[in-house]
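In: task: produce atomic coordinates for the following.
(one chain, ligands or ions: 1)
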Amino acid sequence: MLRLFDTHNIRIQKELDGMWDFKMEGIGKEYTMPVPGCFEQHPDFLKRRGIATYSKTVFISRDTDIRLEFKGVSHTADVFFDGNLAAHHYNAFTPFAAVIKDVKQGTHKIEVRVDNTFSEKSALHIPNDYYTYGGITRPVALEYIKGAYIKNLHFTPHYCDGKWSADIAVDIENLTDGDFCAELLIAIAGIEASKMITVMPGSSETVDFKLQFRDIIPWDNKNPRLYMLNAVLKNNGIPIDDMIDRVGFRTVTVEGTRVLLNGKTVYLKGFNRHEDYADVGCAVPLQLMVKDMDMMQEMGANALRTCHYPNDERMLDLCDERGILVWEENHARGLVLEQMQNPNFEHQCEDCIREMIENHYNHPSVVIWGILNECASETKEGREMYKRQYDMIRSMDISRPCTSATCRHFNDICLDMPDIVSFNMYTKWYVDDDVKKRNDEEIDWIKESNGDNKPIIVSELGAAAIYGYRSRAKEKWSEEYQSELIKESLEVYMSDKRITGVFIWQFADCRVTEEGWFATRARCHNNKGVVDEYRRPKMAYDTVKEMFEKYGN
Ligand code: ADA
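Out: Predicted coordinates for the structure are as follows:
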């Protein structure tokens, strides 16, 4: 399934999940592979870096235009329809679509060439402390559209003088060679509106509505009230297309050192979670997303950081439904200046930011946009790139604060830019020092480095433990050491009134690339999860539960 609710009643949408034909370049044998899925789940491709082609025939029941939507292909996709290139996309973690006009009724072939190799062409998917899988790793949909269709639907709530209002922007694309005239209707929370529109041939138009509401129940982490937003396109009174989304009335702002949700201070306590689950890799099915969410909430989390890339939208749907506050970030982890100077880096980051915001804008659970985790924010060249990315986010969305998790302690030169200052701290894991002393030094430095009078979040803290390794000596890598380090760290960070949020690194162990990481990552996994990759709890699980309960904040 694509989302946790239907996004169309009028548009015909068919999901293409199931078994696809599969061929790996350089291997004669032909296979079938599940979609969504990672080809690494097959015994022949356990750690394969290569180029493969997934293919499937589909029957189109009438002459129509079609839209193929891919929620995620890892990491580079070339989509062919009847042998013609229909789309190219880089980045496993953002959706993309291919619109194909004038398709005749009958059988047609879809081929997706998938590439998970590392090269200069890929500035973001590189050997790293998480794994870049290969495959059509998120759901795929085939849609019938005709002439013109609703391309996007953005909802921005506002609260003023005790009243809720909203700006609603609907993007219509006209695929025809003539003017497209139609009626556009929207409906939400018992309020309806309509406009007659004209879209020029082969172009798009954004239609804006401003609505006032009464009797709205706000969305917040304690009562996450959601509303369905419907948009319908009518031609001569006949509905020809629609789009449905699910939204929430909430505001998120920053005032001094506090983050406010609907004007009230909110404290974020949660986890960093990679999209990675033992035998299925990054193609985590809904059932296992729900399991992860249930475990994080059992431990008392109210927040999730989508380290280090935009997440599968069904996870955000779950967060919307459960009132989990999300820090979603663009795709980048730990890139030094030389890597940021890859000629593909900036446009690949900007594409990711654009697709992340365009597609995830309506999720009330997303309360923070993040960029560039632990990249070269200590350099002036890096600073220019940070600035361009913050500017880009703010040009697309001023309704949410921005941040970036730094590890450039004492020499970061970008703390003046984010709305929220966030830092990753591994005291007593990578740095053998006193947790409180290091925390005080860090916050003193933040205040002297243009980060003063801003909310502060500890975006990462933790330690590794090998599941099942118990030791009365409590040395590093034992479950005891991890549990005690997390307890001590949370005591310090959650009792410090200068800090407005903590994210534990990390929820679950995740696979890392062998290239460049085998030496520091036992099992070629990042073992800092409070559960292992099969979600088996370590001792730290109950420690986090105890601490999140103790410091309810
Ligand atoms: C960094 C990084 C994480 C992870 C962590 C670790 O803070 O942001 O992705 O690599 O270190 O486990 O060392």
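
In: so which strand or helix has the spatially most central residue of the chain?
Out: Taking CA atoms, centre = their mean, the centroid of the chain lies closest to Pro310, which sits 2.1 Å from it. Using DSSP states H and E, Pro310 falls within no helix or strand.

In: is it in contact with Glu358, as I believe?
Out: No: with contacts counted by CB atoms under 8 Å, Pro310 stays clear of Glu358, the gap being 10.6 Å. (Each C-beta comes from the backbone N, C-alpha and C, glycine too.)

In: list the contacts of Lys538.
Out: Ala465, Tyr467, Glu479, Gln482, Ser483, Gly529, Val530, Val531, Asp532 (CB atoms under 8 Å, 6 or more residues apart in numbering).

In: most surrounded residue in the residues you listed?
Out: Gly529 (31 neighbours; other CB atoms under 10 Å).

In: isn't there a helix covering that one?
Out: No: in this structure, Gly529 is coil, not part of a helix, as judged by DSSP: H, G, I helix; E, B strand; the rest coil.

In: how about it, what does it touch?
Out: By CB under 8 Å, 6+ apart, the contact list for Gly529 reads Gln506, Phe507, Ala508, Asp509, Cys510, Lys538.

In: 7 Å instead, please
Out: Contacts here follow CB atoms under 7 Å, 6 or more residues apart in numbering; on that basis Gly529 touches Gln506, Phe507, Ala508, Asp509.

In: again with Ile136
Out: Applying CB under 7 Å, 6+ apart to Ile136 gives the contacts Val35, Pro36, Tyr54, Phe70, Val73, Val112, Val114.

In: next, the buried residues of whichever helix or strand Asp245 is part of.
Out: Element membership of Asp245, judged by DSSP H and E, is strand 238-247. Buried residues in strand 238-247, counting neighbours by 16 or more other CB atoms under 10 Å, are found at Ile240, Asp241, Asp242, Met243, Ile244, Asp245, Arg246, Val247.

In: which helices and strands does that strand pack with?
Out: strand 148-160, strand 227-235 (3 or more CB pairs under 7 Å, 6 or more residues apart in numbering; DSSP states H and E).

In: so which bits of the first one are buried?
Out: In other words, strand 148-160. In strand 148-160, counting by 16+ other CB under 10 Å, buried: Ala148, Tyr149, Ile150, Lys151, Asn152, Leu153, His154, Phe155, Thr156, Pro157, Tyr159.

In: strand partners (parallel or antiparallel) of the helix or strand following it?
Out: Later in the chain than strand 148-160, the nearest helix or strand by DSSP H and E is strand 163-174. Using DSSP bridges, strand 163-174 pairs in its sheet with strand 148-160 (antiparallel), strand 204-212 (antiparallel).

In: and Lys291, how many residues sit next to it?
Out: Neighbourhood size, Lys291 [other CB under 10 Å]: 15.

In: show me the contacts for Phe209.
Out: Ile168, Ile186, Ala193.

In: how far away is it from Tyr481?
Out: As judged by CB to CB, to the nearest Å, Phe209 and Tyr481 stand 56 Å apart.

In: ok, whichever residue of the stretch 51-200 of the chain sits closest to the ligand - contacts?
Out: Taking CB to the nearest ligand atom, the ligand has its nearest neighbour within the stretch 51-200 of the chain at Asp129, 3.6 Å off. Residues counted as contacts of Asp129 (CB under 7 Å, 6+ apart) are Arg333, Gly334, Val512, Trp517, Asn526.

In: SS state for it?
Out: Under three-state DSSP, Asp129 comes out as coil.

In: what's around the closest residue to Tyr469 other than its chain neighbours, how many residues?
Out: Distance criterion CB to CB, 6 or more residues apart in numbering; nearest residue to Tyr469, sequence neighbours excluded, is Ser478 at 5.4 Å. Applying other CB under 10 Å, we find 21 residues neighbouring Ser478.

In: near the ligand, which residues of this structure? Just list them.
Out: Within reach of the ligand by CB under 6 Å from any ligand atom, the chain has these residues: Asp129, Cys307, Arg333, Gly334, Asn373, Glu374, Cys407, Asn424, Glu460, Trp505, Asn526, Lys528.

In: how about those residues in a markdown table, adding secondary structure and pLDDT?
Out: What follows is the residues of the chain next to the ligand, written out as a markdown table (DSSP: H, G, I helix; E, B strand; the rest coil; pLDDT from 0 to 100):
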| residue | secondary structure | pLDDT |
| --- | --- | --- |
| Asp129 | coil | 98 |
| Cys307 | coil | 97 |
| Arg333 | strand | 98 |
| Gly334 | coil | 98 |
| Asn373 | strand | 98 |
| Glu374 | coil | 98 |
| Cys407 | coil | 98 |
| Asn424 | strand | 98 |
| Glu460 | strand | 98 |
| Trp505 | coil | 98 |
| Asn526 | strand | 98 |
| Lys528 | coil | 98 |
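
In: domains in this structure, by residue range?
Out: What automatic domain parsing lists as the domains of the chain is 13-145, 148-247, 252-550.

In: distance to Met1 added to these, as JSON lines?
Out: Shown next, in JSON lines, are those (distance: least, CB to CB, whole Å):
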{"stretch": "domain 13-145", "distance to Met1": "7"}
{"stretch": "domain 148-247", "distance to Met1": "14"}
{"stretch": "domain 252-550", "distance to Met1": "7"}
